[in-house]
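1. how would this look folded up:
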Amino acid sequence: MEVLDEDGVDGKGSLGCCDGSEVKSESGDAEWEKKNQKALAYISLSLTPIEQHHVLDCTTAKAAWDILEKLYEGKGRNRKFLLMEQLFKLNMDGHDTTMDSYLRTMKDKLSELTAIGITLDKEVKLALIFNGITERFRYLVVSLEQQDLDFDELTARLIEEAERYPGTPEGGTAYTAKHGICGKGLEERHL
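-> Predicted structure coming up:
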């Protein structure tokens, strides 16, 4: 027998009516109904108004959970294609894209793909990074292509190089802050 707290939550923080491990009995179990309504309320209150529209007609927490899982699990072909398209189109051409944010976004997209079962070869990952950086770093790309680097080593080298260009979109804020080249420090430097 499972011990539930006053909210009907088991020791693992799970409401059994969400995952289907507890089902309503034929006689209309009042305790189950109470837990179901509480779970449904937790789910509904955790959603934005637009997301709530999807679960509006659900009468059980399990039904709401199943709908949300289908919507957001994202392991289908469309999700894979969308992530791959975003990854292949990702570049630093935006006027305010820093090297750090570009590489962070690249890593996030690669992680999302891995989470849904798509793993790209090391060479493909590196090629995607090289193809998306600005012309300013092309000389470095030629040099780095000749080296056997993994993703993290390449990321560190590119961020390090970008820090050498303070005040440019590709340059990072760490160098700028370290050397006082922002805000008041910039004015003093020009005096």
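2. so where is this structure shaky, pLDDT-wise?
-> For the chain, residues meeting the criterion pLDDT under 70 lie at 1-28, 74-75, 94-96, 166-191.
3. Just list the residues touching Asp93, thanks.
-> Applying C-beta atoms under 8 Å, 6 or more residues apart in numbering, we find Asp93 in contact with Thr134. Quick note: C-beta positions are derived from backbone N, CA and C, even for glycine.
4. Oops, could you answer that again for Leu113 instead?
-> The neighbourhood of Leu113, defined by C-beta under 8 Å, 6+ apart, consists of Lys80, Leu83, Met84, Leu87, Thr119, Leu120.
5. Now the buried members of the residues you listed.
-> Neighbour counting by 16 or more other C-beta atoms under 10 Å classes Lys80, Leu83, Leu87 among the contacts of Leu113 as buried.
6. Same list (these) but as CSV, adding secondary structure and distance to Ala39.
-> Formatted as CSV, these follow (DSSP: H, G, I helix; E, B strand; the rest coil; distance: C-beta to C-beta, whole Å):
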residue, secondary structure, distance to Ala39
Lys80, helix, 31
Leu83, helix, 31
Leu87, helix, 36
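7. circling back: closest to Arg136 among the contacts of Leu113?
-> Using C-beta to C-beta, Leu87 is the member of the contacts of Leu113 that lies nearest Arg136, at 21.9 Å.
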